[in-house]
Every structure is written in C-alpha cells, then in structure tokens.
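Colleague: One predicted model, sequence on top.
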Amino acid sequence: MSTLILLRHGNSDWNQKNLFTGWVDVRLSEQGVTEAKRAGELLAESGLAPQILYTSVLTRAIQTANLALEVADRLWIPVKRSWRLNERHYGSLQGLDKAKTLATYGEEQFKTWRRSFDVPPPPLADDAEWSQFGDERYADIPDAEFPRTESLKLVIDRMLPYWESDITKDLAAGKTVLVTAHGNSLRALVKHLDGIPDDEIAELNIPTGIPLVYELDDAFRPTAPSRYLDPEAAAAGAAAVAAQGKK
Ligand SMILES: O=C(O)[C@@H](CO)OP(=O)(O)O
C-alpha cells in the first residue's frame, strides 16, 4: 500500500485571463499563490507527509509545489521533474482567449478541442509566438517528436511511460508521492487510475490547488475512491473549470 497525492497548480495569470495556456510558461496569479499555500495547510492538517515530489517543467507547477511544501515544512524532500507531466500542448489555441474561441467556433467545436479524448487542436508552427520549440528545457526531445499539439490521448501516451518508469518505482518502495502538475496531465493520470472510459472523460475537470489523495495497492490500483482534502472547494473549483469560456 502506498499513498499518491495529486495536486493541480494554483490559478495562473492565464487562468485568470481565461487564455488557453498549454506549454506556455506562465506564473501563478496572486490567487494561485494563496491556493498553493492552502494546499500545504491541507496536507499538514491531514497528516500527509510527501517523501518525494514530482513536477512538470512548467513554472506554475514548480511554484505550487514549493509554496505548498514550504507551508507543510517539507521543502527538503527530493524532487524529480519531467516534461512528461507538462500540461497538454494546446497547439494553435495557445494564447487564444477561451470566450472568443467559443464565440468564433461554436460550442461543439470548442468542447471537442477542450475535452474530446482524441481530437487535437490544429498544430502550432515552430516559429509561432507561443511555440516552445527550441526551449532549452526540452533539449532531450528529438525535433520530430516535439509536440506541436496534443489530444488527451497523446498526453496519456507520453505521460504513462514516466508513470511506469519512475513514479511507480517510488510508490513500490512505499514512499508517499506528491505529483504537482496540470489540469489535463492529471486528467490523464486520473483516467488511468480510475479506469474512466474514453467517452466519459470529457466530464472530468480537476480544480486548481486542492490535493487529491489515492491509496494504492501493490499493482498501483486504488483500494478505495480517491478523495479531495477539501471536497466542497474541489466541487466548486471543478464546476468553474467546466464553465470556462462561457463568461
Ligand atoms: O489552458 C489550458 O492549458 C488548460 C488548463 O488551464 O485549460 P483547459 O481547462 O481549457 O483544458
């Protein structure tokens, strides 16, 4: 048995502006900083003590983890980072306003791009304003494999090998593992852990800044339903994510 804690980064500057973000490296908003600290309080109050931290290579996830662990007095734990935990690459939607995109393309296309299982948005050109192609932190990704857009299915394809090669090794060693990542990379992981079918995953939204706890058996399967450490705030936060674009 081992404990896995999933934490979506706190509200970011671009969450606040209602822009598609993906791999664009924006920082936490003031609200996001408050949420990250609150996540640390929730961890401490519940007696959960992460022993190793995994993050994406995006600043908003790293800031969130650092703020939460500082409050929980666990800033010293070992850290591993990987682009495989990054947010979904949002292709040519990166940098676009969600409400304007909804108004331009209509609700069906908008929902398909945001939440369908396997339809990626149009790809982003390498020389486009919001492209990350050439960023030093992705030097280990061969040019031909560098994501220019991703569906949730493609996120699962690049995230699961890392889950299997690294994260499960620490769980197998009995460690309490904290994974601080993103709305869609965590949707991918929750889909895997909870066995959510492809045609039901559109309805799953993950709120910012609230720890989600799994107890896992030796095969890394949940022994009971996962739980948010603040269930009321989590329900409200998930509903707000689902409604994005409509304001
Ligand atoms: O813009 C994004 O990268 C993500 C997460 O903020 O948005 P969405 O919830 O629309 O997938």
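Modeller: Received the coordinates, thanks.

Colleague: Low-confidence ranges, the chain, go.
Modeller: By pLDDT under 70, the low-scoring segments of the chain are 247.

Colleague: Close to the ligand: what parts of it are there?
Modeller: Applying CB under 6 Å from any ligand atom, we find that the chain lies next to the ligand at Asn15, Phe20, Thr21, Gly22, Glu87, Tyr90, Arg114, Gly183, Asn184, Val241, Gln244. Quick note: C-beta positions are derived from backbone N, CA and C, even for glycine.

Colleague: Would you state the strands of this protein in chain order?
Modeller: For the chain, the strands defined by DSSP state E cover 2-8, 52-55, 79-81, 177-181, 212-216, 227-228.

Colleague: roughly how far apart are the residue at minimal distance from the centre of the chain and Leu58?
Modeller: Ranked by distance to the mean C-alpha position of the chain (CA atoms, centre = their mean), the top residue is His182 at 1.5 Å. Distance of His182 to Leu58, computed by CB to CB, to the nearest Å: 7 Å.

Colleague: Spit out the residues that contact those two alike.
Modeller: Residues touching both His182 and Leu58 by CB atoms under 8 Å, 6 or more residues apart in numbering: His9, Asn86, Glu87.

Colleague: what number of residues lie near the first one?
Modeller: Each residue near His9 was counted by other CB atoms under 10 Å, and the total is 33.

Colleague: Quick one: residues contacting Arg60.
Modeller: By CB under 8 Å, 6+ apart, the neighbours of Arg60 are His9, Gly10, Ser12, Asp25, Val26, Arg27, Leu28, Gly32.

Colleague: cool, Ala224 as well?
Modeller: Glu215.

Colleague: can you map out the helices along this structure?
Modeller: 13-16, 30-45, 59-71, 98-105, 107-115, 152-162, 168-172, 183-194, 231-242 (DSSP state H).

Colleague: Pull out the buried residues from the first one.
Modeller: The one in question is helix 13-16. Residues Asp13, Trp14, Asn15 are the ones in helix 13-16 that count as buried (16 or more other CB atoms under 10 Å).

Colleague: Turn these into a markdown table, columns for distance to Pro120.
Modeller: Below are those laid out as a markdown table (distance: CB to CB, whole Å):
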| residue | distance to Pro120 |
| --- | --- |
| Asp13 | 25 |
| Trp14 | 20 |
| Asn15 | 21 |
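
Colleague: Among those, which one sits closest to the ligand?
Modeller: Of all those, Asn15 has the smallest distance to the ligand: 5.4 Å, by CB to the nearest ligand atom.

Colleague: show me the contacts for the closest one.
Modeller: Thr21, Ser29, Gly32, Thr208.

Colleague: Can you give me the distance of it to Gly209?
Modeller: In terms of CB to CB, Asn15 sits 11 Å off from Gly209.

Colleague: Overlap of the contact sets of these two?
Modeller: Contacts common to Asn15 and Gly209, judged by CB under 8 Å, 6+ apart, are Gly32.

Colleague: Phe117 contacts Ser151, doesn't it?
Modeller: Yes. Between Phe117 and Ser151 there is a contact at 6.7 Å, judged by CB atoms under 8 Å.

Colleague: Counting neighbours, go ahead and name the busier of the two.
Modeller: Ser151 (20 against 17).

Colleague: For the closest residue to the more buried one other than its chain neighbours, grab the count of nearby residues.
Modeller: Spatial nearest neighbour of Ser151, chain neighbours left out: Pro120 (4.2 Å); criterion: CB to CB, 6 or more residues apart in numbering. Neighbours of Pro120 under the rule other CB under 10 Å: 21.

Colleague: how close does Pro120 sit to the ligand?
Modeller: 12 Å (CB to the nearest ligand atom, to the nearest Å).
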